[in-house]
Structures are given as structure tokens and as C-alpha cells.
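>>> Here is a sequence with its predicted model. Questions after.
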Amino acid sequence: MASIRIALVGIGKIARDQHIPALKADPNYELVAAVTRHEPPAGIPSYRTIAELIDAQIGLDAVSLATPPLGRHVIARQAIEAGLHVMLEKPPGGTVSEVEALAALARSAGVSLFATWHTREAPAIETARRWLADRMVKDVVITWREDVRRWHPGQAWIWEPGGLGVFDPGINALSAATRILPRPLFLTDAELFYPENRAMPIAAHLAMSDSAGAPIRAEFDWREEGPQRWDIDVDTDAGRLALSKGGAGLAVEGRILVDEDEISAEYPNLYARFAELVRSGTSDVDLQPFRLVADAFMLGRRTVVEPFNEQQTKERPE
Ligand code: NAP
């Protein structure tokens, strides 16, 4: 089967760490171009804008967008209008409505659109989903605590409107929860913690419910300098399920079902799925996690906390 000629747009941290290695290793694809405003990746022909790439008529089939979420819509629209299949990093865009508009545009243009959620491809997610499928969920606690200085150094866009602040990682937790829990979730209350010098929150407390009334609490916090935590604990009628390390590990009542050290294939899995969508002429745009984040901004009470400065390190006693 002919390989899919693909270009990668936005050559930042995730493009270099995950997208380029996954594409180079996958025989479904030929990585034929990059779109970047900076130093191009070695050996890949590069263009400054999506318009220049399209004008060059290099026989492309698809593009994968790894730019910040706000601004993707304009790029994706040009690609779809040029007849290209489009894969979107998470979060899929700047607003829910613009991504819905893209999905409609892709349908009418007859191309595939894939809104990816990489955490759903973590090794333990499918096992957790199957285990929970016929259980009665009683209570869920989601804890996503990480150090923003460690994971997002120099990324100014995450603090600007559309960058989502702590929901940039928090949406990964919501993508996992909406995949593994057997019933749909909705938001009931939220408190968002904004540094006084920033437009986006550094922490968030969410209260949700599933359609049977089970309480689901989520705590996202970017100020964690100790052990980093990406955990979902689910109490059920058949015991407690613990998903750890962002879906890498899984235990039920303390018995390990998936070892945290298993090799993760999140991005290879995403590209394999995109190839399936392209070849079957279908799209996959699940906006549940994105809607929960939008609802959190809609319901969230605002609490102002101390300013955040990236360079500032905590004062330590002599
Ligand atoms: P990043 O390091 O800041 O890279 C984003 C790249 O997008 C930039 O290097 C830049 O590349 C391009 N870009 C285009 N317009 C831009 C603008 N207005 N402002 C800033 N950059 C712009 O960010 P990233 O961490 O790779 O994240 C990109 C997306 O991947 C986000 O949606 C994020 O949630 C997702 N993601 C990130 C991670 C992670 O660990 N970092 C993990 C999973 C998913 P050029 O110089 O090539 O133009």
C-alpha cells in the first residue's frame, strides 16, 4: 500500500520528542516536509507557512499539527481546503466551536480529521476501560500534580488565553477519565487558581458527576516540586482501581495488572490510528475532554494566588 506523504507543522518540544521519531519509524508514512518559523529539523525540507507548503505542490496527502492549540484552526482550514487529511495534537484547538466547524468542513471536503488524545494510548488505559465496563463506580479522585517549570520551560503561550494553563496537562486526565469510565461525565463545580500576573490558571479543583450520580473530583496543580503525580483512583463495587503515571500503570486492590515500566507507544499508536482513518475515509473527533475544560472556565470561581515567574526559584534556608 502506498505510504501517506505527510508534513509536520510546528517543530517544538513534542514534535521533536515524539512526532518525528514516530513518523520515521512507521512504514505507513513518508515524512516529506516540515512547516517551521525556526531552524528546520535535519534532512526534512521546510516551509515557513502552510500556504507556502500547499503552493509548493509536493504531492502531499496529510498534515499533522503540533503548534499551540490557538491558531491551529486557521492552519487546519487551509489544509482541509487543499484536500489534505489533518491530525491535531491535543487540545484540538482554541475553542470547542472552531473544532466543531473544522469537523464539519472535513466532512464536506471528504478528508479525515483526527483530534488526538495521546494519554488514551497509554499502556494501561484499555485494560482499565475493560475492567470498569460492567462495574458500579462509587467515587473517583483524579490527581494531576506536576512542576510547570520542569515540563513547560519557556512556553509563554500556555499562560495566554487559549493556552489553557494547567488544563494543558489536566485535559490529558480528562481524556483518560472519559475513556475509562463507563458513564458520561459532567461538571458541577470548579475553582480556578490564577497567579495575579497570569491570564490562565496554575491550578484547578473540579467537581463532576457521572450520569448515575457518582462523584468525581479532580485536582490539577502545576506547583508540585515534589514527586510528580498523574493518578486516577476509582472506587467500585468490586474494589479500588488505581491508574498511575498518566495511564502507564494499573492496579486493582493493590494487585498489579499493568506494570508502570512497560514501554509506552502513545505516538506510534496515534499515527497507526490516523493511517487507518485516512485509508477508511473516516474521522475521529471526540470533544468530551475539551468540553469539560470549557465548562470549567464557564463555571469556575476565580481565586487569585501569588504571581508566577518562571525564573524564580524558591528561597532555601542557608
Ligand atoms: P512548544 O515546544 O512551544 O512548540 C510549539 C511549536 O509550535 C513552536 O516551537 C513553534 O514551532 C510552533 N508555533 C507556531 N505558532 C506558534 C505560536 N504562536 N507560539 C508558539 N509556538 C508556535 O510546545 P509543545 O510542548 O511542543 O506543545 C505543542 C502542542 O503539543 C500543545 O498543544 C501541547 O499541549 C501538545 N503536547 C505537548 C507535550 C509536551 O510534553 N510538551 C506532550 C503532549 C502534547 P516553529 O518554530 O516550528 O514555528
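Great, that's in hand.
>>> gap between K24 and the ligand?
As judged by C-beta to the nearest ligand atom, to the nearest Å, K24 and the ligand stand 17 Å apart. C-beta here means a position set from N, CA and C on the backbone, and glycine is covered the same way.
>>> Skipping adjacent residues, who's closest to that residue in space?
Take K24 and drop its neighbours on the chain: the residue closest to it by C-beta to C-beta, 6 or more residues apart in numbering is L31, 6.3 Å away.
>>> beta partners of that neighbour?
Per DSSP bridges, the residues bridged to L31 are I6.
>>> Now for it: which residues touch it?
Counting by C-beta atoms under 8 Å, 6 or more residues apart in numbering, L31 touches 6-8, 20, 23-24, 44.
>>> 10 Å instead?
Each residue near L31 by C-beta atoms under 10 Å, 6 or more residues apart in numbering is listed here: 3-8, 19-20, 22-24, 41, 43-45, 64.
>>> quick one: which of these sit in strands?
4-8, 64 (DSSP state E).
>>> Tell me where the model's unsure across this protein.
313-318 (pLDDT under 70).
>>> go with 90
1-2, 39-41, 260-264, 311-318 (pLDDT under 90).
>>> With the flanking residues excluded, which residue is spatially nearest to the residue positioned nearest the centre of the chain?
Residue closest to the mean C-alpha point of the chain, counted by C-alpha atoms, centre = their mean, is K90 at 3.3 Å. When the adjacent residues along the chain are set aside, K90 lies closest to W117, with 5.4 Å between them (C-beta to C-beta, 6+ apart).
>>> Ok, G93 next?
V99 (4.3 Å).
>>> mind listing the helices for the stretch 51-200 of the chain?
In the stretch 51-200 of the chain, the helices defined using DSSP state H, counting those that start in this stretch lie at 72-81, 96-109, 125-132, 148-151, 167-180.
>>> Any chance of TSV for those helices, columns distance to E219 and mean neighbour count?
Compiled in TSV, those are given as follows (distance: least, C-beta to C-beta, whole Å; neighbours: other C-beta atoms under 10 Å):
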stretch	distance to E219	mean neighbour count
helix 72-81	28	21
helix 96-109	23	16
helix 125-132	19	18
helix 148-151	15	16
helix 167-180	9	24
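>>> of all those helices, which lies closest to A212?
helix 125-132 (12.7 Å; C-beta to C-beta).
>>> For the closest one, name the packing helices and strands.
Contact here means 3 or more C-beta pairs under 10 Å, 6 or more residues apart in numbering; DSSP states H and E; on that basis helix 125-132 packs against helix 167-180, strand 229-236, strand 239-244, strand 249-252, strand 255-258.
>>> With the ligand as the reference, name the closest of the ones you listed.
The closest of those to the ligand is helix 167-180. By C-beta to the nearest ligand atom, the value is 4.9 Å.
>>> is that closest one up against the ligand anywhere?
Yes - counting by C-beta under 6 Å from any ligand atom, the ligand is contacted by helix 167-180 at D168.
>>> Backbone torsions only: list them for the closest residue to the ligand within the chain.
At 1.7 Å from the ligand, G12 is the closest residue in the chain, using C-beta to the nearest ligand atom. Backbone torsions for G12, taken as degrees, to the nearest 10, come to phi -110, psi -150.
>>> show me the contacts for it.
19, 36, 38, 66-68, 89, 155, 157.
>>> which bits of the stretch 101-250 of the chain sit near the ligand?
So the stretch 101-250 of the chain meets the ligand at 118, 155, 157, 168 (C-beta under 6 Å from any ligand atom).
>>> can you tell me which two in the residues you listed are farthest apart?
Greatest spacing in these, by C-beta to C-beta: H118 and W157 (18.5 Å).
>>> What separates the first and last residues of stretch 222-232, distance-wise?
End-to-end distance of stretch 222-232 (C-alpha to C-alpha, to the nearest Å): 17 Å.
>>> mind listing what's buried in that stretch?
Buried residues in stretch 222-232, counting neighbours by 16 or more other C-beta atoms under 10 Å, are found at 222-224, 230-232.
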